[in-house]
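> Here is my input, please return the structure:
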Amino acid sequence: MKISYVYLDEKNRIYFERVFPKEIELAPFRVAVGVIDEERRVLGAVSYILLNYEYSLDWIYVEPQVRRQGIGTQLVQETFRCMMYTGDLFPLSAQFEYSDEDNVLHTFFLSMKHMITTYSHERYYVTKDDIKKAEGLRYNSKNEVEAELFFDKPEAEQKKVLNMLMREQTYEVADYERWKESCVPELCKCIYVKNNLVDLIFMQKNPDGNLELSYLYGKYPKGLFELLAETVRDLENHFPGVKITFDAMTDDSIKLAEHLFPTAKKAHVYEAEF
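Numbering: from 1, shown residues only. Model prediction:
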């Protein structure tokens with residue numbers, strides 16, 4: 001099969017919507033490539049971004065009817081060519097899931113030459129009902145603490161909090177402006193007691209339009225439950241039907257997820273590196 005590559009932009013991406021969702025932003029830091037055959041049928045697409053001095057392959061899709069014909073491999077190779085053309089020789093990585101229901105990408109990356117695949121972390125698919133079932137979460141109880149919107153705080157205070165989290169090696173923000181742009185302001189909340197931060201939730205937008213509960217910080221359990229309760233209420237009011245993920249990167253965060261989201265669906269996340 002003879003294939004050709006097309007660099008996606010705002011003008012031509014409409015022809016690739018089936019393989020490259022419109023929710024994924026074509027920003028200056030993202031390169032997206034579509035693939036077509038000799039009859040100009042759309043077969044798939046790939047995209048990658050430069051983040052923290054590393055290229056991340058954040059989207060790859062091949063139409064089911066033409067899989068296992070080497071198109072996915074050629075898309076990754078085209079990604080390598082694009083990277084080499086820039087002259088920035090940073091590593092390339094890709095995260096993908098393995099679950100009993102879906103192991104397509106797991107099998108694909110294991111078959112890739114020059115890619116090393118290792119277990120990374122656990123990913124929880126959290127629904128509003130999962131949060132409501134969290135132990136200790138009570139919706140009608142009298143609030144003992146008051147939640148505030150994180151982005152209502154002065155920017156200096158925001159950066160102070162982020163620096164504190166980075167010093168504790170619990171969170172990393174390489175680019176404040178980009179991080180702030182990806183956050184959902186009304187779903188990023190905090191609780192202070194006597195001017196000390198005790199609880200914090202960050203919610204960010206994923207490239208596919210869904211949400212990632214990107215960070216939970218809790219020194220005061222009842223306050224954390226209150227933040228979760230408010231998050232559920234805001235989700236029901238402003239984001240009905242949205243999917244939420246929570247990535248548990250450490251043993252402590254896995255314990256936290258199992259405690260807060262006991263009924264959530266879980267998948268194993270692997271990482272392939274070149």
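
> CA only for contacts and neighbour counts going forward, please
OK.

> I'd like to know how many residues surround residue 26.
By the criterion of other CA atoms under 10 Å, residue 26 has 16 neighbours.

> That one in helix, strand or coil?
Following DSSP: H, G, I helix; E, B strand; the rest coil, residue 26 is assigned to coil.

> what pLDDT does the nearest residue in space to it that is not next to it in sequence get?
Closest residue in space to residue 26, ignoring its immediate chain neighbours: residue 9 at 6.9 Å, by CA to CA, 6 or more residues apart in numbering. Residue 9 carries a pLDDT value of 91.

> next one: phi and psi at residue 9?
For residue 9, the backbone dihedrals are phi -140, psi -180 (criterion: degrees, to the nearest 10).

> For burial, what's the neighbour tally of it?
Neighbours of residue 9 under the rule other CA under 10 Å: 13.

> Over to the one 4 residues further on?
Counted by other CA under 10 Å, the residues lying close to residue 13 total 20.

> Any figure for the gap between it and residue 24?
Separation of residue 13 from residue 24 (CA to CA, to the nearest Å): 11 Å.

> Also residue 226?
Separation of residue 226 from residue 24 (CA to CA): 32 Å.

> Repeat that for residue 91.
Residue 91 sits at a distance of 22 Å from residue 24 (criterion: CA to CA).

> Please apply the same query to residue 186.
With CA to CA as the criterion, residue 186 and residue 24 are 21 Å apart.

> Kindly report the same for residue 89.
Distance of residue 89 to residue 24, computed by CA to CA: 25 Å.

> Then residue 254?
Distance from residue 254 to residue 24, by CA to CA: 28 Å.

> Ok, residue 190 next?
Taking CA to CA as the measure, residue 190 and residue 24 are separated by 28 Å.

> These two: who's more crowded?
residue 190 (24 against 16).

> Tell me which helix or strand the residue nearest to that one when sequence neighbours are not counted sits in.
Leaving aside its sequence neighbours, residue 190 sits nearest to residue 200 (CA to CA, 6+ apart; 4.3 Å). Secondary structure from DSSP states H and E places residue 200 in strand 196-205.

> what's next to the helix or strand following that strand, contact-wise?
Once strand 196-205 ends, the next helix or strand along the chain (criterion: DSSP H and E) is strand 211-218. Identification of contacts with strand 211-218 by CA atoms under 8 Å, 6 or more residues apart in numbering yields 171, 198-206, 224, 242-247.

> roughly how far is strand 211-218 from the heart of the chain?
Mean-position distance between strand 211-218 and its chain equals 11 Å (CA atoms, centre = their mean, to the nearest Å).
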